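Trainee: Next one to model:
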Amino acid sequence: MKPTGRGPMVIGGHDREVSCRMLGPGDREQVVDLVSAAYLELPVYRWLFGDALSYESARWLADIRCGVLESGDAFGAFDASGVLVGVVLLRVPGRSPAPASEEQVAYTKAFVTAHPDFAQRYAAMRDADAAVWSNPEAIDVSLAIVSPNTRNTGVLSALVLEVGDLAEARGESVVLRTNDPALADMYRRKWSLADRGAHAHVAGLTVWTFEVVAADIPAIKAGLRA
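Mentor: Numbers count the residues shown, from 1 in each chain. Here you go, the predicted model:
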């Protein structure tokens with residue numbers, strides 16, 4: 001599927017041109033490729049999977065997360081060649097991702113049976129996350145991934161603009177989280193997001209939570225485009 005929607009743009013003084021648009025079922029393979037590659041790299045998922053982390057298991061979880069593509073609750077950034085270089089997956093109030101397929105359910109049962117430690121860590125992470133500050137009436141950025149060779153080039157900013165447009169149209173706030181101290185500092189200082197505090201993640205990481213309050217979205221979007 002060819003990128004449509006927001007045209008090529010240069011973000012935040014960087015020279016990376018990207019085209020962003022809402023993602024759909026036809027983008028699933030590219031999204032799974034990008035997300036599963038991140039799972040193999042990111043510390044929180046290395047902790048979650050433990051010894052069970054593999055190319056296959058990473059793609060299984062990524063494919064399940066792609067249920068939001070059915071409802072269009074995701075945005076992607078594409079480079080000039082049409083390659084997906086960034087993605088955000090969302091939890092939108094009032095909408096639910098598509099249910100897992102029979103094949104996904106069967107794989108999940110077999111995987112959890114073979115790797116009970118994964119199931120225990122997943123449950124611990126889910127329960128701990130449920131106790132952290134949240135806004136159920138806000139659009140939640142459940143996952144934000146940028147390919148390694150395009151980080152710090154404005155791709156994330158371009159994707160956040162897309163989420164900002166959606167939130168502004170719906171009159172809702174946006175919640176983001178990160179365990180990257182540098183990214184947390186950028187959210188706080190450069191983007192002027194509302195800092196909702198930090199918590200110790202069960203994986204041994206510190207996670208910062210930020211909110212883009214609905215009333216502040218126009219100003220924040222203008223700052224990102226500057």
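Trainee: Tell me, what's the model's pLDDT at Gly86?
Mentor: Listed pLDDT for Gly86 reads 96.
Trainee: and it, what are its bridge partners?
Mentor: Beta bridges link Gly86 to Ala77, Val146, judged by DSSP bridges.
Trainee: if I look at it, how far off is Leu143?
Mentor: 11 Å (CB to CB, to the nearest Å). Glycine gets a C-beta too; all of them are placed from N, C-alpha and C.
Trainee: Lys190 now?
Mentor: From Lys190 over to Leu143 the distance is 22 Å, taken as CB to CB.
Trainee: more neighbours, these two?
Mentor: Taking other CB atoms under 10 Å, Lys190 and Leu143 do not tie; Leu143 has more neighbours (18 against 12).
Trainee: Let's verify the more buried one: helix, strand, or coil?
Mentor: With DSSP: H, G, I helix; E, B strand; the rest coil as the basis, Leu143 sits in strand.
Trainee: my read: it touches Arg91, true?
Mentor: No: counting by CB atoms under 8 Å, Leu143 does not reach Arg91; the two are 9.7 Å apart.
Trainee: contacting residues for the closest residue to Lys221 other than its chain neighbours?
Mentor: Here the nearest residue to Lys221 in space, its sequence neighbours aside, is Gly164; by CB to CB, 6 or more residues apart in numbering that works out to 4.8 Å. Counting by CB atoms under 8 Å, 6 or more residues apart in numbering, Gly164 makes contact with Val174, Val212, Ile217, Ile220, Lys221, Leu224.
Trainee: For the last one, identify the helix or strand it belongs to.
Mentor: Assigning secondary structure by DSSP states H and E places Leu224 in helix 217-225.
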